[in-house]
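>>> I'd like to go over a predicted model; first the sequence, then the structure.
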Amino acid sequence: MATSSAPTSKSSWVSFLSGGIAGVTAKSAVAPLERVKILYQIKSELYSLNSVYGSMLKIVENEGLKGLWRGNSATILRVFPYAAVQFLSYETIKNHLVNDKTSSFQLFLAGSTAGGIAVCVTYPLDLLRARLAIEIHKTPTKPHHLLKSTFTKDGLRGIYRGIQPTLIGILPYGGISFSTFEFLKRIAPLTAKNEKGELLGAYKLFSGGIAGGVAQTVAYPLDVVRRRVQTHGFGDAKAVVNLEHGTLRTISHILKEEGFLALYKGLSINYVKVIPTTSIAFFTYDYFSNLLNKL
């Protein structure tokens, strides 16, 4: 998730709280698309339609309207600390460790580091979100029960299964999204600013969408690997993955057995998600930042 143009004077707790609220609001709004994307990535037996709309209708038919938000409770539990830590980490790194605020490379490193920190802190919750999303029975498992059973069965290694491709993926994703957004802000035309010289909301949304789209395209194959490793042997997943293989060997296996396009299953849904997600996140972050700064 790209960062907002938050001024450096914002206190840490404002950045943390505003980032968390923004992340939860944005992710909840696009949760149905996220669930369909995961079902495509893992090659679900039940929901194998090619149409996003058709898949959503089938989910509602089988599970009711609430089925579109299956796993969203785990998303909220994960996204609030993830977005909060990511926003706070990026702002802190940028303000204290980045010497040249116009250096795309330094901002890339700051974004990558912030994403890596957020992933390590919240990864078990991401694992829960993926597994809850592929459940097909009508009575969903409670997140804390699933976390407990996973830890009891597989230990710490089990609740961090798939973190390798996640960390490898977040480095280019976080770096590209943050640095691209900052770059687009720097080259903003005069028509994208108001009379005070501040960027217009529409331009922020445009920049965030471009940054997210570019970053997702580069890092998406690693997201496919991550989801398959996370959900292997669980629920409705039928995609075959060898847990002993590293990330690169898994990618090589998918290429050999399923072809290049298999590495981008669900990417079209991700593109559809980018604009509303970043739009909601930016406006929510700015709104709560301004509100909390007045307290």
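Sure thing, it's come through. Numbering: from 1, shown residues only.
>>> from here on, contacts and neighbour counts on C-alpha atoms
OK.
>>> any stretches of the stretch 51-200 of the chain with poor pLDDT?
Along the stretch 51-200 of the chain, segments meeting pLDDT under 70 span 133-140, 143.
>>> what about the strands in it?
Using DSSP state E, counting those that start in this stretch, no strands are found in the stretch 51-200 of the chain.
>>> now the helices for it?
Counting by DSSP state H, counting those that start in this stretch, the segments of the stretch 51-200 of the chain that form helices are 52-63, 72-96, 104-133, 143-159, 163-186.
>>> so which of those gets nearest residue 281?
helix 72-96 (9.8 Å; C-alpha to C-alpha).
>>> for the particular helix or strand that has residue 223 in it, buried residues please.
For residue 223, the enclosing helix or strand under DSSP states H and E is helix 201-231. Going by neighbour count (16 or more other C-alpha atoms under 10 Å), the buried part of helix 201-231 is 201, 203-205, 207-213, 215-216, 219-231.
>>> now the element after that helix, going C-ward?
The first helix or strand that comes after helix 201-231 along the chain, using DSSP H and E, is helix 247-258.
>>> which residues does stretch 150-170 contact?
Taking C-alpha atoms under 8 Å, 6 or more residues apart in numbering as the criterion, the residues outside stretch 150-170 that touch it are 112, 115-116, 119, 123-124, 127, 147, 219-220, 222-223, 225-227, 229-230, 247.
>>> gap between the two ends of that stretch?
When the termini of stretch 150-170 are compared using C-alpha to C-alpha, to the nearest Å, they are 24 Å apart.
>>> repeat that for stretch 261-268.
Per C-alpha to C-alpha, the first residue of stretch 261-268 is 12 Å away from its last.
>>> and what of stretch 41-61?
End-to-end span of stretch 41-61 (C-alpha to C-alpha): 21 Å.
>>> quick one on the thing from earlier: let me have the helices of the stretch 51-200 of the chain in a markdown table, extended by distance to residue 281 and mean neighbour count.
Putting the helices of the stretch 51-200 of the chain into a markdown table (distance: least, C-alpha to C-alpha, whole Å; neighbours: other C-alpha atoms under 10 Å) gives the following:
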| stretch | distance to residue 281 | mean neighbour count |
| --- | --- | --- |
| helix 52-63 | 23 | 16 |
| helix 72-96 | 10 | 23 |
| helix 104-133 | 16 | 23 |
| helix 143-159 | 25 | 14 |
| helix 163-186 | 14 | 22 |
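>>> hmm, back to that, what packs against the helix holding residue 223?
Contacting helix 201-231 under the criterion 3 or more C-alpha pairs under 8 Å, 6 or more residues apart in numbering; DSSP states H and E are the following elements: helix 31-41, helix 104-133, helix 163-186, helix 247-258, helix 267-293.
>>> can those go into TSV with extra columns for distance to residue 193?
TSV is the format used below for the helices and strands packed on helix 201-231 (distance: least, C-alpha to C-alpha, whole Å):
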stretch	distance to residue 193
helix 31-41	32
helix 104-133	22
helix 163-186	10
helix 247-258	43
helix 267-293	16
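>>> quick one: closest of the ones you listed to residue 77.
With C-alpha to C-alpha, the closest approach to residue 77 among the helices and strands packed on helix 201-231 belongs to helix 104-133: 6.8 Å.
>>> can you check what angle separates the closest one from helix 143-159?
120 degrees (axes from the mean of the first three to the mean of the last three C-alpha atoms, to 10 degrees).
>>> name the residue most distant from the centre of the chain?
No residue in the chain has its C-alpha farther from the mean C-alpha position than residue 195, which lies at 34.5 Å (C-alpha atoms, centre = their mean).
>>> what sits against that residue?
Under the criterion of C-alpha under 8 Å, 6+ apart, the contact list for residue 195 is empty.
>>> okay, it and residue 34: tell me how far apart.
The gap separating residue 195 from residue 34 is 39 Å, by C-alpha to C-alpha.
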